[in-house]
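A.B. asks: sequence plus predicted model, see below.
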Amino acid sequence: MTNNVQMENAMIDSSRLRQAGFRGELIEPGDPRYDDARTVFNVSIDRRPLLIARCVDADDVSRTVLFAREQDLPLAVRGTGHNVAGYAVCDGGVVIDLSLMKAIAVDSSARTVRAQGGCNWGEVNDALQPFGLAATGGFVSITGVAGLTLGGGFGWLVRKHGLALDNLQSAEIVLADGRTVNGSSHENEDLFWAIRGGGGNFGVVTSFEFRVYPAGTVLAGIVLHPASAAADAIRTWRDMEMEAPEESTIGALLLHMPDDPSLPPALRGAPVAGLGGVYAGPVEEGEKALRALREYGPPLVDKFAPMPYNEAQRMADALWPPGLHGYWKSSYLKGLDDAAIAVVVDAFARVPSRQTVIVVEHYGNSAWSRVSESATAFGHREWPWNIVVTSAWSDAGDAERNIAWTRELMDALLPYRAPAAYVNYLGGDEGSAGLQAAYGSKLERLAAIKAKYDSANLFRQNPNIVPAAQG
């Protein structure tokens, strides 16, 4: 880094946080923990904060918010650091790190769970599994509860029970002025509306209370087809989705198999189309509901099997491991017609990295689509199809060609894209166009709420909603 930042490193006085009663860990440049503490899921992100404050409770968070505000320093908030745009860390500022805040409390009789902001979805569902219960968020277990919920919260139960934020009962929030408040349907209702989709723009959410549901054992897995049959397989899945029961959340994927000696030779490193997900109902009913999907082709591999829900939560983890360079692009689709499928399959044939995965998701005719558009800041429930291109690569020198390929694919899909995007899937370089795509007509209301709770825009390391007074 530059000498200027090094000078700033010497000038910051973190002892003031200790004097204010901060009880967690303070990590600064030169600390042997520093590089690990500033590393996030996407290793293309290489930012150097002046201070990482690992908080142990909401009081620590409040003290750190006030410290950053008084020092006029940039402030980032890290739950698990999973967001591909790297919002969890900043240059030359302070990071509020919630990774020590992992308390989880299950109330099995009320069917609720309260989880602190440092938890991931795997940890939450591990806590729920002994009770035969499951929470709605997350396709991947290491995804953070906080970031996913604040932007939306798709997961394996979305068609049966909706988004994570649809099931949020209440939240504890530290505001820009250091106050800790609660948000719910009867307390700070405007703030509660805004955090359900508006991201981290309004404060630091230190704990979340969710409704949870019976889902002890589910039918989960994937069938694989050769890439040469990908278009036909995706079209077949699309048609089946029109009649799929709500218990079924299935997506279509294009990926490369690992070059694993334990695999049959024909599958090692092979490009494939996968149709996979979860049936969250009685297993015998799932066997009937998914029979046509599993028999079509027939597939190269059928990996569907009954399993505990917390294992299903982890079944896709290997497709998105930490430690890679990444760049994502996403959009809802007007529909999934044959021409759009052809564009995606053709582009995948030329993908520059075997670590890239393309996912087409379907949420329609389900609990997700029955929530009123005005109920939360999350929007665009009228578009049931979504594509997310999760480009990933190992060598930093391959960035340019992977980013170019991703953008070319999304440009080719322009005729089929809806004027809408899911904020958690944005890559971080979309600017105001990304905000408009994510929030549409709700952006004005969000800006007004932002002005009420964070008029100085302290919480701006995110897809930033500018306070109305500044807009």
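C.D. replies: All right, it came through fine.

A.B. asks: mind listing what residue 253 touches?
C.D. replies: For residue 253, the contact set (C-beta atoms under 8 Å, 6 or more residues apart in numbering) comprises 222, 273, 274, 275, 276, 319, 357, 358, 359, 360. Heads up, the C-betas are built off the backbone N, CA and C, glycines and all.

A.B. asks: so residue 380 is in which element?
C.D. replies: Under DSSP states H and E, no helix or strand contains residue 380.

A.B. asks: make JSON lines out of the contacts of residue 253 and add distance to residue 235, secondary structure and neighbour count.
C.D. replies: Compiled in JSON lines, those are given as follows (distance: C-beta to C-beta, whole Å; DSSP: H, G, I helix; E, B strand; the rest coil; neighbours: other C-beta atoms under 10 Å):
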{"residue": "222", "distance to residue 235": "18", "secondary structure": "strand", "neighbour count": "22"}
{"residue": "273", "distance to residue 235": "11", "secondary structure": "strand", "neighbour count": "27"}
{"residue": "274", "distance to residue 235": "15", "secondary structure": "strand", "neighbour count": "27"}
{"residue": "275", "distance to residue 235": "11", "secondary structure": "strand", "neighbour count": "26"}
{"residue": "276", "distance to residue 235": "17", "secondary structure": "strand", "neighbour count": "22"}
{"residue": "319", "distance to residue 235": "22", "secondary structure": "helix", "neighbour count": "19"}
{"residue": "357", "distance to residue 235": "20", "secondary structure": "strand", "neighbour count": "21"}
{"residue": "358", "distance to residue 235": "15", "secondary structure": "strand", "neighbour count": "22"}
{"residue": "359", "distance to residue 235": "16", "secondary structure": "strand", "neighbour count": "22"}
{"residue": "360", "distance to residue 235": "11", "secondary structure": "strand", "neighbour count": "21"}
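
A.B. asks: show me which of these is closest to residue 398.
C.D. replies: residue 357 (15.9 Å; C-beta to C-beta).

A.B. asks: the closest one and residue 320 touch, don't they?
C.D. replies: Yes. Between residue 357 and residue 320 a contact is recorded at 7.0 Å, counting by C-beta atoms under 8 Å.

A.B. asks: shared neighbours, the two?
C.D. replies: With C-beta under 8 Å, 6+ apart, residue 357 and residue 320 have common neighbours 390, 392.

A.B. asks: over to residue 219: give its phi and psi.
C.D. replies: phi -100, psi 120 (degrees, to the nearest 10).

A.B. asks: which residues sit in contact with it?
C.D. replies: 278, 279, 283, 286, 287, 290, 304, 305, 306.

A.B. asks: in helices only, show me these.
C.D. replies: Taking DSSP state H, the ones among the contacts of residue 219 that sit in helices are 283, 286, 287.

A.B. asks: wait, which of those is closest to residue 81?
C.D. replies: The closest of those, once distances to residue 81 are taken by C-beta to C-beta, is residue 286, at 34.4 Å.

A.B. asks: count the residues that sit near the closest one.
C.D. replies: 22 (other C-beta atoms under 10 Å).
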